[in-house]
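Student: got a sequence here, can you build the structure:
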Amino acid sequence: MIARPHYLELLRTYRDVPLVKILAGIRRCGKSTILEMLANELVSSGIAEDHIISMRYTSENFEDGMTSKEMYQGIKEKIKDTDRYYLLLDEVQEIEGWEKAVNSLLEDANTDIYVTGSNSKLMSGEISTYLTGRYISIPVYTLSFAEYLEFKKDRNLSEKELLNEYIRMGGFPIVALGNFDERSSYQIVEGIYNSVVISDITKRHQVKNFDLFNRVVKYIVENVGKTFSANAIVKFLKSEGRALSVETVYNYLEWLEKAFVIYRCSRYDLQGKSVLKTQEKFYLADASLKYCMMGFNPKSIAAMLENLVYFELRRKGYEVYVGKNETKEVDFVAMQRDERIYVQVCLRLPEESDREVANLLEIKDHYPKCVVTLDELAAGNVNGVKIMHLADFLLSESY
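Tutor: Below you'll find the predicted structure:
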């Protein structure tokens, strides 16, 4: 088991704090393994094994369904004394009303509770009043490049070779743990995607026209990193002789977002200092989701570099927006408390450097500004704008 210290450190911070710790992210991104690592760490710190209760609530394990009352009673029976128990509850979204059971365990037992899940029932908008103000949400993403290097440290490959592999193969832990070829990797990721769509979207929301749903997904995948609207999708489908309402497209986008397949990046008006409600961008939970559907195409790398940068900023705790500065666009405005960073992403320099740097220099404030590129010769500083190679950006502790 290869450690993911970023998440363990976060869980350490909230250990024994009377809040439910919720780890949420796309299926197979490593949530269950993080709980296993937490269990091992608890034992190492002196917690008795019989005071660590690990439960996994997959649909396969509970085909006939389980009520929240049964969930509560099943755990309560394992609590034998008044000492503290650590509850590690995996894939709780399979239990209807799980929040009620967890809230009761938080109130009437000496417990420290950690749960994982992979659909909207773990998102703040859908967590019921039972847990309002009583939980902390910890998003879990596929592997960062730093984690990918750790997974691959036994292979005799250079950082450059591993970066190229990471860009093409993505960061699902199951892929990184093996030495799969490209075709096998994409088949594994396609299986993950299909399980998400079937379990978390089509069954739950009773999607009737699966072919049309898939066509909308393909449009989103083709347009990663581009601003578009639901209306644009409707017009595109109409040009193909397919009819779909704007409302249905909004539903599809929302369901994909709540299954952690896509992430919405809103626009931020740098002049008005406000978040805009139109022309958002969407990024994929992992770049390999695009390649498993459409094959790897070197021409698509530029958009997927944005995808990598977006999630690296998210991992570091930033709220990330597309920047609008009058008529100009900044790829990312990332904010965290009093910090802010502006980022432009481009494939190659120097031919693109003037435009990328100029867009950043038009922002008249003191916050850090940088251009991230795959150009190996590009590094340094242009009028205060830092030029960073993608690998340096992904591995940097701060900017």
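Student: tell me the buried residues in stretch 235-252?
Tutor: Neighbour-count burial for stretch 235-252 flags 236-237, 244, 248-249, 251-252 (criterion: 16 or more other C-beta atoms under 10 Å). Every C-beta, even on glycine, is put in place using the N, C-alpha and C of the backbone.
Student: show me the two of the residues you listed that sit farthest apart.
Tutor: Phe236 and Asn251 (17.1 Å; C-beta to C-beta).
Student: give me the domain ranges for the protein.
Tutor: With domains defined by automatic domain parsing, the chain comprises 5-139, 146-395.
Student: got these as JSON lines, with mean pLDDT columns?
Tutor: Below are the domains of the chain laid out as JSON lines (pLDDT from 0 to 100):
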{"stretch": "domain 5-139", "mean pLDDT": "91"}
{"stretch": "domain 146-395", "mean pLDDT": "92"}
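Student: quick one: Glu190 from Asp286, how far?
Tutor: 12 Å (C-beta to C-beta, to the nearest Å).
Student: of these two, which one has the most company?
Tutor: The neighbour count for Glu190 versus Asp286, taken as other C-beta atoms under 10 Å, is higher for Asp286 (28 against 15).
Student: give the contact list for the more buried one.
Tutor: Asp286 makes contact with 26, 29, 142, 170-172, 189, according to C-beta atoms under 8 Å, 6 or more residues apart in numbering.
Student: report the buried members of those.
Tutor: Applying 16+ other C-beta under 10 Å to the contacts of Asp286 flags 26, 29, 142, 170-172, 189 as buried.
Student: make a markdown table out of these and add distance to Leu88.
Tutor: Below are the buried ones among the contacts of Asp286 laid out as a markdown table (distance: C-beta to C-beta, whole Å):
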| residue | distance to Leu88 |
| --- | --- |
| Ile26 | 20 |
| Cys29 | 17 |
| Thr142 | 21 |
| Gly170 | 27 |
| Gly171 | 24 |
| Phe172 | 22 |
| Val189 | 27 |
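Student: so Thr202 belongs to a strand, correct?
Tutor: No. Read with DSSP: H, G, I helix; E, B strand; the rest coil, Thr202 is helix and lies in no strand.
Student: wait, it touches Asp211, no?
Tutor: No. If you go by C-beta atoms under 8 Å, Thr202 and Asp211 don't touch, sitting 11.6 Å apart.
Student: more crowded one of these two?
Tutor: Neighbours were counted for Thr202 and for Asp211 using other C-beta under 10 Å; Thr202 has more, 16 against 7.
Student: quick one: contacts for Leu35?
Tutor: Residues near Leu35 by C-beta under 8 Å, 6+ apart: 23, 54, 88, 90, 114, 116.
Student: out of the buried ones among the contacts of Asp286, list just those in strands.
Tutor: Taking DSSP state E, every one of these sits outside strands.
Student: show me the strands in the stretch 201-350 of the chain, by range?
Tutor: Under the criterion DSSP state E, counting those that start in this stretch, the stretch 201-350 of the chain contains strands at 262-269, 274-284, 319-325, 328-336, 339-346.
Student: can I get those in JSON lines with distance to Ile127?
Tutor: Below are these laid out as JSON lines (distance: least, C-beta to C-beta, whole Å):
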{"stretch": "strand 262-269", "distance to Ile127": "19"}
{"stretch": "strand 274-284", "distance to Ile127": "22"}
{"stretch": "strand 319-325", "distance to Ile127": "20"}
{"stretch": "strand 328-336", "distance to Ile127": "23"}
{"stretch": "strand 339-346", "distance to Ile127": "28"}
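Student: just send these back as TSV, with mean neighbour count too.
Tutor: Putting these into TSV (neighbours: other C-beta atoms under 10 Å) gives the following:
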stretch	mean neighbour count
strand 262-269	19
strand 274-284	16
strand 319-325	20
strand 328-336	19
strand 339-346	22
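Student: and Glu150, which of those strands is closest to it?
Tutor: strand 274-284 (22.7 Å).
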